[in-house]
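Chemist: sequence first, predicted model second:
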Amino acid sequence: MVESYSKNANHNMRRPVVKEEIVEMMRTRQAQNTGFLKELEEFARKENIPIIPHETTAYFRLLMQMLQPASILEIGTAIGYSALLMAENSPTSTITTIDRNEEMIGFAKDNFTKYDTRHQITLLEGEAMEILPTLPDDSYDFVFMDSAKSKYIVFLPEVLKKVKVGGLIILDDIFQGGDVARDILEVRRGQRTIYRGLQRLFDATLDNPDLTASLVSMSDGLLMLRKNVETVHLSTEEI
Ligand SMILES: C[S@@+](CC[C@H](N)C(=O)[O-])C[C@H]1O[C@@H](n2cnc3c(N)ncnc32)[C@H](O)[C@@H]1O
C-alpha cells in the first residue's frame, strides 16, 4: 500500500475537460503500453499515484520519437513512469528528474535500477526550487513540469534559464478540471491558491512574445511553451 496518495487523490483527473467518451476513446484506442511500462501504469492506477494518463503517454511517445531531445529535465518523478517512457522513446536522451517525496523516490530508484538499461536517467532528490539553481544554464532541449501546480509560476523563471533557445517546456495539469476558466468565487476555497498560481502563469506566458505558447486540452490540460529568445521577460506579479 502506497502511503503518499489517498483514494481521493487525482481529483481533477476525474473531471475531464473534453467529452468523457472522447477521453475513453483516447485511453482505449491508442496503442497500449507493453512490458514494464504497462506494469508501472497498472501499479500507479491501483495505488492512486498520479502519473500521466494514457492520452498523454501516446502524445509523449510521438513527441519523443520525433524530437529526440538530447537533454531532458523533469520536475516530478513519482515512480519514474514518465521518465522511463521518455527514455524508451528517445534512446539517446539524457534525462534529469527531480522529486522530493521519499516514498516515491524509493519506487523510482528501484524502477530505474531495473528498467533504465541504457543509464539515461539521473534522479535528483529534494525540493525543486533548491535543486534548479544548481543545474547548468542553457542546457535542456525539453522540460516536463509535472509537480505542484501552484508552484509552476515560481519555478518557471529558473526553468527558463536552464532551457536552450528553441527548447520546449510542457507543464501538465493546468486546467484544474475546468476551474481556471471560471471566476475565482466559483472555485472551492481549498483550490484557490492553485487557481491564482495558474492565472499568474497564464498572464506571464500566453501572450508573451518571448515565448510561443499553446494550451492543449489533453488530460487535465497541457501548456506548451517554446523559448524564443535568450532572456525571457516574464511578469510574475501576484494578483
Ligand atoms: C504528478 S506526480 C509526477 C508523475 C510523473 N511525472 C509521471 O507521470 O510518471 C508529481 C510528483 O512531483 C513531486 N513534487 C511536487 N512538488 C515538488 C517540488 N516542489 N519539488 C520536488 N518534487 C515535487 C511529488 O513528490 C510527486 O511525486
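Modeler: Structure received.

Chemist: quick check: the residue of the chain positioned farthest from its centre vs I153, distance?
Modeler: Here the chain reaches farthest from its C-alpha mean at L185, the gap being 27.3 Å by Cα atoms, centre = their mean. Going from L185 to I153 by Cβ to Cβ, to the nearest Å gives 21 Å. From N, CA and C alone the C-beta is placed, and that goes for glycine too.

Chemist: again, but for L135
Modeler: On the measure of Cβ to Cβ, L135 and I153 end up 19 Å apart.

Chemist: so which of these two has more stuff around it?
Modeler: When neighbours are counted by other Cβ atoms under 10 Å, L135 and I153 differ, and I153 comes out ahead with 23 against 16.

Chemist: leaving out chain neighbours, which residue sits closest to D141?
Modeler: Setting aside the residues directly before and after it, D141 is nearest to P69 in space (Cβ to Cβ, 6 or more residues apart in numbering), at 3.7 Å.

Chemist: name all residues that make contact with that neighbour.
Modeler: 90, 93, 140-142, 167-168 (Cβ atoms under 8 Å, 6 or more residues apart in numbering).

Chemist: what's the most distant pair in those?
Modeler: S90 and G167 (14.3 Å; Cβ to Cβ).

Chemist: report the contact partners of the residue nearest to the spatial centre of the chain.
Modeler: For the chain, D146 is the residue whose C-alpha lies nearest the centre (Cα atoms, centre = their mean; 2.7 Å). Applying Cβ under 8 Å, 6+ apart to D146 gives the contacts 52, 74-76, 82, 171-173.

Chemist: can you put those residues in a markdown table and add distance to V23?
Modeler: What follows is the contacts of D146, written out as a markdown table (distance: Cβ to Cβ, whole Å):
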| residue | distance to V23 |
| --- | --- |
| I52 | 14 |
| E74 | 24 |
| I75 | 25 |
| G76 | 22 |
| S82 | 19 |
| L171 | 20 |
| D172 | 16 |
| D173 | 14 |
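
Chemist: buried subset of those residues?
Modeler: 52, 74-76, 82, 171-173 (16 or more other Cβ atoms under 10 Å).

Chemist: just those: which are in helices?
Modeler: S82 (DSSP state H).

Chemist: for the ligand, tell me which of the buried ones among the contacts of D146 show up nearby.
Modeler: Among the buried ones among the contacts of D146, proximity to the ligand is found for 52, 76, 82 (Cβ under 6 Å from any ligand atom).

Chemist: just the pLDDT at the second one, thanks.
Modeler: As summarised for this prediction, G76 has a pLDDT of 98.

Chemist: the last one now?
Modeler: Here the pLDDT value assigned to S82 is 98.

Chemist: close enough to count as contact, D210 and V232?
Modeler: Yes - proximity of D210 to V232 meets the contact threshold set by Cβ atoms under 8 Å, at 4.2 Å.

Chemist: quick one: which of these two has more around it?
Modeler: Ranked by neighbour count (other Cβ under 10 Å), D210 and V232 place V232 first, with 21 against 16.

Chemist: what does this protein put close to the ligand?
Modeler: 50-52, 76, 78, 81-82, 98-101, 104, 127-128, 146-148, 151.

Chemist: quick check on those residues: which are buried?
Modeler: 50-52, 76, 78, 81-82, 98-101, 104, 128, 146-148, 151.
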